[in-house]
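Novice: I would like the atomic coordinates for the input below:
(2 chains)
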Amino acid sequence: MTNSSIVVEGLEVRRGGREVLRSVGFTVPTGQVAGLIGPSGCGKTTLMRAIVGVQIVAGGSVTVLGEPAGSPALRRRIGYATQSPSIYADLTVTENLRYFASVLRAPADDVRRVINEVDLADHADQVVAQLSGGQRSRANLAVALLGAPELLVLDEPTVGLDPVLRDDLWAMFHRLAAGGVTLLVSSHVMDEAARCERLLLLREGRLLADDSPEGLRGATGLQDLEQAFLHLVRTQAVGS
Amino acid sequence: MSVAFTLATSRRILTQLRHDHRTVAMLVLVPSLLMVLLRYVLNSQTLFSHFAPALLGVFPFLIMFLVTSVTTLRERTTATLERLMTMPIGKLDLLFGYALAFGLVAVVQVTVAATICLTWLGLDIAGALWTLLLIAVLDALLGMALGLFVSAFATSEFQAIQFMPLFVLPQILLCGLFVPRESMGWLLNALSDLMPLSYAVDALTHVTNSAEIDSTLVVNLLIVAACAVAALVLGAATLRRRTP
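Specialist: As a prediction, the model looks like this:
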C-alpha cells in the first residue's frame, strides 16, 4: 500500500455530458517517473486534475499517498503545475514564489533553491508578464517544486523549452525520483516518452497501454515509440 | 483559518497593485476628481453639501466593486485559484486577504477624497470626521465583497464589467441620493429597504446633519457591515476546491 503513490481504479469523469475518462485504472509506485502520453484532448489534464483532487469525478476511486485524492492532508505533499502557467503575471518570479511558499508554509530559502533548479536566477526579479513562454512555464514549474513535495504532477512541463534545458529538467526529474519523489509527467510528444520509466498511453479517455518503453517496444515489435503508439491505436480500433 | 495566510495574500495583492502605477493613481484620485467636478457642476455650496457625503460613500463602493470583480475573475480564469485550492490555504483566508488589502486601499482613497471635500471644496459636516471615514470605508468593503461574490457568475471580464450597472446602479438610484426614500412608491421603497447601500447613505446623511451618534446610526452601520460579511461568506461559498 505504502509503495504506491497513486492508485486509480475505474475512474470515470464526465464533463458537459461527454465522457472524458472511461474506467481508467493504474498504479504508480513510489519513486517512479511515469509519463502520461497522449494526443491533445485525450483526457491527460482531466486525469491529473483528478489526482490532485480538483476534478469532480463521476465514479471510481483515486488514492494518492495513501489518502483519497483531495484530502486536506495531501495539500502540502503534492506539487502540481498546470499546463498554462498559473502564476501572477503582474508579479516578479521571486514575488510569485514567495507568496506560494508562504501559502505552503515552505521554508523561505526554498524560493532561491527552486529558482536555481529551473534556471531562472537571471530573471528572478523580472515581472512574469515580460518573460518568454518557456521562462513562464519554468516559473510555473518552480512553484510545484516548493516545499519538497512527495508527488509531482506536471502537465506538459517541457513544452516550448530549448533542448538543453529540457534535458536538464529531465535530469532533475530523475534525480528527484532517485530521492524517493514520485512524478507523473504528461506530454503529447513521443520523444519525451523514452525518458520515462513507465508509460501510460491515453487516447479518447481510455488507457491504451501501461508499460515501460522497452515493454512497449517488445509488445509491438517496433523500435520507434510513436510507431508503437500508432500500432496500438490501430489494432485496438480493429479489435473493438 | 490562518492569519499568516491572510497576511501573505494581502501582501501579494498590494504588491500586484504596486506594479500597476496607473491603477493605483486612479484608485486614489478618481473619487477626489469626481468630487471636485461635482462641486463645480452644482455650483452651489448648499447643493454640494447635500450630495457630497452620500457620494463619498457611493464612489468607493462603485470603484471597489469593479476592481475586485475583475481581479477575482482574473484569479479564477488564470487558474491561480485552482492552484491555491490544491494548497493548504483556506477559502476565508484568501477572501479576508482580499478584504484587508482592498480595505487598506479604500482607507487611503476615502481619506484623500474626504480631505479634499472638507478643505478645498468647503464641505461642512455636523458629525465627527471619523464616522464619515468609517462609513465610507464600510461602503468600499461592501462594494468589494459584492464584487467578489458576483465575479463567480461571470465567465469573462466583459460580463464582470456589466454586473456593475446591474448590481450597483439600481442601488445608487434607490438609495435616497436623488429622491428621498420616503417619497418613493411602496414597491420601490421596499426594494430600497432591501439594498445595503440605502443604509449606508442614510448613515452618511445622518452624519452630515447631526453630531449625535444615536441608535439608528449604529443600526444602519451594523446592517452595512453585516451585508459586507454576508457577501464575503457567500463569496467563499462560490470558491470550490473541486470543479467540473
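Novice: What are the contacting residues of stretch B:9-24?
Specialist: Contact with stretch B:9-24 is made by A:88, A:90-91, A:95, A:99, A:103, A:127, B:27, B:67, B:71, B:89, B:93-94, B:96-98, B:100-102, B:104-105, as judged by C-beta atoms under 8 Å, 6 or more residues apart in numbering or on different chains. Bear in mind the C-beta positions are built from the backbone N, C-alpha and C, glycine included.
Novice: The helix or strand where residue B:71 lies close to chain A?
Specialist: Using DSSP states H and E, the element containing residue B:71 is helix B:45-77. No - judged by C-beta under 8 Å from any C-beta of the partner chain, helix B:45-77 stays clear of chain A, getting no closer than 8.6 Å.
Novice: Can you list the buried residues in that helix?
Specialist: Within helix B:45-77, the residues that count as buried by 16 or more other C-beta atoms under 10 Å in any protein chain shown are B:48-49, B:51-76.
Novice: Whichever of the contacts of stretch B:9-24 count as buried, I'd like them selected in ChimeraX; how would that read?
Specialist: Remark: buried members of the contacts of stretch B:9-24, expressed as a ChimeraX selection using 16+ other C-beta under 10 Å:
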select /A:88,90,91,95,99,103,127 /B:27,67,71,89,93,94,96,97,98,100,101,102,105
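Novice: count of residues packed around the closest residue to residue A:133 other than its chain neighbours?
Specialist: Sequence neighbours aside, residue A:160 is the residue nearest to residue A:133 in space, at 5.2 Å (criterion: C-beta to C-beta, 6 or more residues apart in numbering or on different chains). By the measure other C-beta atoms under 10 Å in any protein chain shown, the count of residues near residue A:160 is 12.
Novice: what secondary structure does residue A:160 sit in?
Specialist: Of the three states, residue A:160 takes coil under DSSP: H, G, I helix; E, B strand; the rest coil.
Novice: what's the pLDDT at it?
Specialist: What the model reports as pLDDT for residue A:160 is 78.
Novice: Could you do residue B:233 as well?
Specialist: 88.
Novice: what helix or strand is it on?
Specialist: helix B:215-238.
Novice: Residue A:14 too?
Specialist: Residue A:14 belongs to strand A:4-15, assigned by DSSP H and E.
Novice: List the buried residues in that strand.
Specialist: Buried positions in strand A:4-15, judged by neighbour count with 16+ other C-beta under 10 Å: A:4, A:5, A:6, A:7, A:8, A:11, A:12, A:13, A:14.
Novice: pretty sure the fourth one is touching residue A:63, no?
Specialist: Yes - the pair formed by residue A:7 and residue A:63 meets the contact definition of C-beta atoms under 8 Å, at 4.3 Å.
Novice: any idea which residue sits dead centre in chain B?
Specialist: residue B:140 (2.2 Å; C-alpha atoms, centre = their mean).
Novice: Leaving out chain neighbours, which residue sits closest to that one?
Specialist: That would be residue B:106: by C-beta to C-beta, 6+ apart, it lies 3.2 Å from residue B:140.
Novice: Assign a three-state SS to the one you found, would you?
Specialist: Assignment for residue B:106 (three-state DSSP): helix.
Novice: what does stretch B:76-94 rub up against?
Specialist: A:52-54, A:72, A:75-76, A:78, A:80, A:82, A:84, A:86-89, A:100, A:103-105, A:143, B:1-2, B:5-6, B:9, B:75, B:151-152, B:155-156, B:236, B:239-241, B:243.
Novice: among these, which ones are buried?
Specialist: Here, 16+ other C-beta under 10 Å leaves A:52-54, A:75-76, A:78, A:80, A:82, A:86-89, A:100, A:103-105, A:143, B:5-6, B:9, B:75, B:151-152, B:236, B:239 buried among the contacts of stretch B:76-94.
Novice: Take those and keep only those in strands.
Specialist: Among those, the residues falling in strands (DSSP state E) are A:78, A:80.
Novice: which ones among the buried ones among the contacts of stretch B:76-94 are found in helices?
Specialist: Judged by DSSP state H, helices contain the following of those: A:52, A:100, A:103, A:143, B:5, B:6, B:9, B:75, B:236.
Novice: from these, which is closest to residue A:186?
Specialist: Nearest to residue A:186 among these: residue A:52, at 12.4 Å, using C-beta to C-beta.
Novice: Going by neighbour count, which residues of the least confident helix or strand in chain A by mean pLDDT are buried?
Specialist: Across the helices and strands of chain A, mean pLDDT, DSSP states H and E gives its lowest value to helix A:225-239, namely a mean of 80. By neighbour count, and taking 16+ other C-beta under 10 Å as the criterion, the buried residues in helix A:225-239 are A:225, A:228, A:229, A:231, A:232, A:233.
Novice: Wait, the first one touches residue A:219, no?
Specialist: Okay, so that is residue A:225. No - using C-beta under 8 Å, residue A:225 makes no contact with residue A:219, being 11.7 Å away.
Novice: helix/strand/coil for residue A:62?
Specialist: Per three-state DSSP, residue A:62 ends up strand.
Novice: Verify the stated contact: it with residue A:12.
Specialist: No - between residue A:62 and residue A:12 there is no contact under C-beta under 8 Å: 11.1 Å.
Novice: Where does pLDDT dip in chain A?
Specialist: A:1-2, A:237-240 (pLDDT under 70).
Novice: quick one on the thing from earlier: quick one: distance of the helix holding residue B:71 to the chain centre.
Specialist: How far helix B:45-77 lies from its chain's middle: 5 Å, per C-alpha atoms, centre = their mean, to the nearest Å.
Novice: The helix or strand following that helix: which residues count as buried?
Specialist: Once the chain leaves helix B:45-77, the next helix or strand it forms, by DSSP H and E, is helix B:80-85. Within helix B:80-85, the residues scored as buried using 16+ other C-beta under 10 Å are B:80, B:81, B:82, B:83, B:84, B:85.
Novice: In space, what's closest to residue A:182 - neighbours in sequence excluded?
Specialist: residue A:5 (3.8 Å).
Novice: name the helices or strands packed onto the helix holding residue B:233?
Specialist: Packing contacts for helix B:215-238, counted by 3 or more C-beta pairs under 8 Å, 6 or more residues apart in numbering or on different chains; DSSP states H and E, involve helix B:91-118, helix B:129-150, helix B:196-209.
Novice: Check which helices and strands the second one is in contact with.
Specialist: For helix B:129-150, the helices and strands in contact under the criterion 3+ C-beta pairs under 8 Å, 6+ apart are helix B:45-77, helix B:91-118, helix B:196-209, helix B:215-238.
Novice: the inter-axis angle of that helix versus helix B:45-77?
Specialist: 40 degrees (axes from the mean of the first three to the mean of the last three C-alpha atoms, to 10 degrees).
Novice: Was I right to think residue B:197 contacts residue B:140?
Specialist: No - using C-beta under 8 Å, residue B:197 is not in contact with residue B:140, being 11.7 Å away.
Novice: Identify the contacts common to these two.
Specialist: Common neighbours of residue B:197 and residue B:140 (C-beta under 8 Å, 6+ apart) are residue B:61.
Novice: before we move on, back to that, next up, the contacts around the residue nearest to residue A:133.
Specialist: Contacts of residue A:160 (C-beta under 8 Å, 6+ apart): A:133, A:134, A:137.
Novice: Any idea how many residues pack against residue B:37?
Specialist: By other C-beta under 10 Å, neighbour count at residue B:37 equals 10.
Novice: just the angle between the helix or strand encompassing it and helix B:45-77, please?
Specialist: Secondary-structure assignment from DSSP H and E places residue B:37 in helix B:21-42. On the basis of the same axes, to 10 degrees, helix B:21-42 is oriented at 150 degrees to helix B:45-77.
Novice: Let me know the angle separating helix B:21-42 from helix B:91-118.
Specialist: 40 degrees.
Novice: With that, I have no additional questions.
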